Each structure stands twice: as C-alpha cells, then as structure tokens.
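Trainee: Turn this into a structure:
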Amino acid sequence: MNGRLIGFLVFLAIYIFLNVISYLRLRQWYHKKQYWSKINLTVLFSELFILAGIAFMFYRFRNPLEFPSAVQNWLIGAWFSMLVGKLIFGLVIFIDSFVALPFLGVRAIQKRDLSYNPTRRKFVKNASLVIAGIPFISMINGITFGKYAYQVRRVTLKFANLPKSFHGFTIAQLSDIHSGSFDNIDEVKRGVKMVNELNADIIAFTGDLVNNRTKEVLPFLDVFSKLKAKRGVYSIKGNHDYGMYRPWSSNDEFLADQQLMDDVHAQMGFKLLKNEHAIIKKGSEEIQLVGVENWGLPPFPQVGDLEKATGDVDAPFRVLLSHDPSHWDEKVRPNAKNYDLTLSGHTHGMQFGVEIPGIIKWSPVKYRYPRWAGLYQEGKEYLYVNRGFGFLGFPGRVGIMPEITLITLETA
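Mentor: Have a look, this model is predicted:
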C-alpha cells in the first residue's frame, strides 16, 4: 500500500468521523420532527455534491483538460469550499465535545443537565456556523474574483558588487503559470499586458508552464509570445514541466512531450536555460544569469546541476533561476560560489493565507516550506519566492493573490 493511498484512507476516516458527530449534533440542535427531513436532505445533498466533486477530480487527474471551462472550475472550487467548510464545522463540534466533558461529569453525579443549556447551545451553534462559514465564503469569493486578481509587487535591492552600469537594472519575474488551469484567456492577456507595461530589462520565468503535459499551453502560445523585455525573456522548467503527474502510454510519447516543451519555449521567444547560463552585458560590464533544471526535496525531481549551469565563469554578480525555494538552503547557499539573487516560485503561497503588510504574513504552506513567499536574506545573498501567476488544484486565490514581481537592482 503506497503512501498516497494510506494518506487518502486516513483523510477519509477523519472526514467520516467528523461528519458523523456533526450530523448527531445537528439532530440534537434541531430535534423537532419538522426539522428532520430538512436536515437529512441538506446532509444528503452536500455529501452527494462532495462525492461528485471527488469523482470529477480523479477523472480530471487521469484525463486533464487543455482548456477547462469557467463553469467546471467554479464547480470544482465550490466542491472544495464545501468540503473545507464541513471539515471545519466538524472540527469545531469535536473540540466543543471535549469542552463539554466536565459538564457531562457534573450531570452524571448531580443528575442535572448542565451540558447544553439554551444559552450555551445557541452560542456553540452560532459560533460553529460562523467559523465554518468564513472560509467557505472566502473560498467562493476566491474562485469568483481572486484567481485573476494580479498584483504587481516591487522590490528594490542594493548590492556592493553590482557593476555600476547595471544600477537600475530591472527583472520582471513570473512563475507557476499552470496554463492548463486557465478558463479565461482575456484575463490572462490582461496579466501579460501588465507585465509588458513594466518595461523591464529582462523577464525571468521560474517554471511550471503547465500542469501535466505540454499540450496545455498550446491555446496560449500567442498570448505568452507577446511577453517582451529590453534584453529578452529567460525561463526554466518546474516540477510540473517534466510530465511526471500523468501516465504515458509509452516512453516515446513522454519524450515527444518533453521535446514539445522545449519547442514551445522557443516559439514563445523564451530562452530556456537547462542547467545553462547566459551573460548579460552593458558596455564593458556583465552579469551572469544562471538557470537550473528543477531541484526539490523528495518527491520532486532533483535534476538541477548548479555547477554545470554556472560553469567556470568568474562573474562579479549572479542571478540564479531555480524553481523550488528549498534548493536555496540545500544547495545554493552552501556553494562556494556566490549567488547574489535567487528567484524561485513553486509554493503558490498555497493560494490561501493572510497577508497584511507589516502585520501578518501567514499560509499553511509555511509548515512545509519555510521560504514560501516574498524576500529572504542570509548574509549577502537574497532569495525571492514569487507567489505564482496561475493556480493549480483549487481554482482560486484566497488572501494570496497571483503575482507579477518587478525587482530593481541598485549599487550600494
């Protein structure tokens, strides 16, 4: 039995358990017979909707669409929102059951019903509905309005070793396009227009052009080929660009997909760096742009070769494109060569979290990736993790909006 199956069975057991105690509590709250049929119908409808959503997600995984419709994405988002809302509701009821244990003890001893007096019952009922309702409503809003709410984030970094002629040099970073998830080509065009309006010196795309296979990007070739920068568009591959999330009928089919991946980068005008580097010159001065293949902690591919990509170039300043931010701590920082600025993506900020500048920045993904969004610094080296241009799985954004980054390099 593999790990994914075990994880699914554990989740299923938790879901059933929370559902049962939620149902029992609802029957307790609405104990009058005239409410029973409504409660039963509501529970039945929600369960059928969630089961249909799970079945459709499995189908989509095995038979991915190149261009899903907005209705399909919205229904998937609504299913996921309902699933999360029900889990949170059940969790609140479960916690309340523990809180009620002392009251049950008093009841048993004194033969008095102190466990659910009318005031407490009303409070628990209202609180559980509100606590479960907030994420549900937020997620519905996220699938309706959040997934294309592009934000431009501007970052200025100063370096003592940056060649003087590169003072003011700008990099527009995109990451995690996931073209197989888009359902509105006009919104994607708007995002591309926003990038071009930045008039950056270079555009750096840090991987995950597709979800499962290269064909997903074909409807968007004309859109992304319009990305322009003064000194070119550079790209790398992310874990989803290696065709590892779908079964292939043969090795030849897989190799054809990977060749098509290289070809579409070229057709869009992207210079794909596969453990390679490019030298960017201004007058007599230059900086090195290094691009590695994906390197991530298991189970993600570890085909990035930092030494090969960098070569023996004695560059005064380096910018590294590496899809997975875990690469920075595991391989980049320990390297004897200095990588002044590393640009990554991969996490999407989980497409869910809370960000209030200067007050709070939180997402559940932080417990898997300590470097999950924004700027990080260790010594003289910087890492910037882009929150992603597209979306994957959950077709929306809640609190963590799709990002276009403009990084300005300055001499210290």
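
Trainee: What is the helix or strand where residue 319 lies packed up against?
Mentor: Using DSSP states H and E, residue 319 sits within strand 318-321. Applying 3 or more C-beta pairs under 8 Å, 6 or more residues apart in numbering; DSSP states H and E, one finds that strand 318-321 contacts strand 285-291, strand 341-344. Backbone N, C-alpha and C define where each C-beta goes, glycine included.

Trainee: do you know which of the ones you listed lies nearest residue 81?
Mentor: In terms of C-beta to C-beta, the element of the helices and strands packed on strand 318-321 nearest to residue 81 is strand 341-344, at 28.9 Å.

Trainee: mind saving the C-alpha coords of that closest one as PDB?
Mentor: Provided in PDB are the C-alpha atoms of strand 341-344 (Å, rounded to 0.1, in the frame of the first residue of the first chain):
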ATOM      1  CA  LEU A 341      20.000  36.800  -6.000                       C
ATOM      2  CA  THR A 342      18.000  33.600  -6.500                       C
ATOM      3  CA  LEU A 343      14.500  33.700  -8.000                       C
ATOM      4  CA  SER A 344      12.100  30.900  -7.200                       C
END
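
Trainee: Please identify the buried residues of it?
Mentor: Buried residues in strand 341-344, counted by 16 or more other C-beta atoms under 10 Å: 341-344.

Trainee: Point out where the chain drops to low pLDDT.
Mentor: Along the chain, the model assigns pLDDT under 70 to residues 1-4, 31-34, 36, 61-62, 64-65, 100-118, 120.

Trainee: now the strands: where do they sit in it?
Mentor: 151-159, 169-174, 202-205, 233-235, 270-272, 276-282, 285-291, 318-321, 341-344, 354-356, 360-362, 374-378, 381-385, 403-411 (DSSP state E).

Trainee: Could you dump those into JSON lines with distance to residue 49 added?
Mentor: Shown next, in JSON lines, are these (distance: least, C-beta to C-beta, whole Å):
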{"stretch": "strand 151-159", "distance to residue 49": "32"}
{"stretch": "strand 169-174", "distance to residue 49": "35"}
{"stretch": "strand 202-205", "distance to residue 49": "37"}
{"stretch": "strand 233-235", "distance to residue 49": "39"}
{"stretch": "strand 270-272", "distance to residue 49": "41"}
{"stretch": "strand 276-282", "distance to residue 49": "48"}
{"stretch": "strand 285-291", "distance to residue 49": "44"}
{"stretch": "strand 318-321", "distance to residue 49": "42"}
{"stretch": "strand 341-344", "distance to residue 49": "37"}
{"stretch": "strand 354-356", "distance to residue 49": "28"}
{"stretch": "strand 360-362", "distance to residue 49": "30"}
{"stretch": "strand 374-378", "distance to residue 49": "36"}
{"stretch": "strand 381-385", "distance to residue 49": "35"}
{"stretch": "strand 403-411", "distance to residue 49": "32"}
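
Trainee: Now do the most centrally placed residue in the chain against residue 76, distance only.
Mentor: A centroid search over the chain (C-alpha atoms, centre = their mean) returns residue 348, at 2.6 Å, as the residue closest to the centre. Residue 348 sits at a distance of 16 Å from residue 76 (criterion: C-beta to C-beta, to the nearest Å).

Trainee: now residue 99
Mentor: Taking C-beta to C-beta, one finds residue 99 at 35 Å from residue 76.

Trainee: closest to residue 53 out of the strands of the chain?
Mentor: Of all the strands of the chain, strand 354-356 sits nearest to residue 53, with 25.5 Å by C-beta to C-beta.

Trainee: Who are the packing partners of that closest one?
Mentor: Partner elements for strand 354-356 (3+ C-beta pairs under 8 Å, 6+ apart): strand 360-362.

Trainee: more neighbours, residue 99 and residue 76?
Mentor: Between residue 99 and residue 76, residue 76 has the larger neighbour count (other C-beta atoms under 10 Å), namely 21 against 10.

Trainee: close enough to count as contact, the more buried one and residue 57?
Mentor: Yes - taking contacts as C-beta atoms under 8 Å, residue 76 lies within contact range of residue 57: 6.8 Å.

Trainee: before we move on, back to that, right, so of the strands of the chain, which gets closest to residue 219?
Mentor: Of those, nearest to residue 219 by C-beta to C-beta is strand 270-272, at 16.8 Å.
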